[in-house]
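J.: Pasting a predicted model and its sequence here:
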Amino acid sequence: MKQFMCTHSYLSGDAKERITSQLRDATDREFLEMNSSEKARVLQHWAGKDEFFFCHWEAESEEEIHNVLAEIGADQFIITLANEMQRYVTSYDIQDKKLVIPEDQ
């Protein structure tokens with residue numbers, strides 16, 4: 001699976017309110033489960049008060065991310081910029097491996 005950083009932007013203030021309303025009673029587990037399939041899943045999510053939010057996705061392709069968003073209807077409320085990241089380093093899983101240099105890939 002490939003790693004993607006996605007910037008999700010609300011299409012309007014109304015779109016933001018509709019998504020926010022749907023998430024008010026959701027748990028973290030429910031959020032992660034609803035944003036996943038066999039070929040793509042959200043690993044991490046950051047949202048503030050702005051008109052956009054960020055997600056770290058693991059997916060076979062960018063298209064699979066868009067497929068998940070379409071399946072849950074989120075594509076009606078947000079636009080998504082998915083960027084594949086060749087280097088993924090996390091303090092949650094230190095492996096003492098040499099860093100990947102994306103330009104060398």
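T.: Yep, that arrived.

J.: Strands of the protein, residue ranges please.
T.: In the chain, the strands defined using DSSP state E lie at 2-10, 40-47, 52-59, 78-85.

J.: OK, contacts around the residue nearest in space to the middle of the chain?
T.: With distances taken as CA atoms, centre = their mean, residue 55 lies nearest the centre of the chain, 3.1 Å away. With contact set as CB atoms under 8 Å, 6 or more residues apart in numbering, residue 55 has these partners: 5, 6, 8, 35, 42, 44, 45, 46. C-beta here means a position set from N, CA and C on the backbone, and glycine is covered the same way.

J.: Can you turn the buried part of those residues into a ChimeraX selection?
T.: Buried subset of the contacts of residue 55, written as a ChimeraX selection, criterion 16 or more other CB atoms under 10 Å:
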select :6,8,35,42,45
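
J.: Show me which of the contacts of residue 55 is closest to residue 78.
T.: If you rank the contacts of residue 55 by distance to residue 78 using CB to CB, residue 8 comes first, at 4.6 Å.

J.: residues in contact with that closest one?
T.: With CB under 8 Å, 6+ apart, residue 8 has these contacts: 52, 53, 54, 55, 74, 78, 79, 80, 81.

J.: The closest residue to it other than its chain neighbours: how many residues sit nearby?
T.: Spatial nearest neighbour of residue 8, chain neighbours left out: residue 78 (4.6 Å); criterion: CB to CB, 6 or more residues apart in numbering. A total of 19 residues lie near residue 78 under the criterion other CB atoms under 10 Å.

J.: Relative to residue 94, how far out is residue 78?
T.: Distance, residue 78 to residue 94, by CB to CB, to the nearest Å: 33 Å.

J.: any residues touching the helix or strand of the chain with the lowest mean pLDDT, and which ones?
T.: Least confident helix or strand of the chain, by mean pLDDT, DSSP states H and E, is helix 13-23 with a mean of 93. Helix 13-23 is contacted by residues 10, 31, 51, 74, 76, 77, 78 when judged by CB under 8 Å, 6+ apart.

J.: Good, we can wrap up now.
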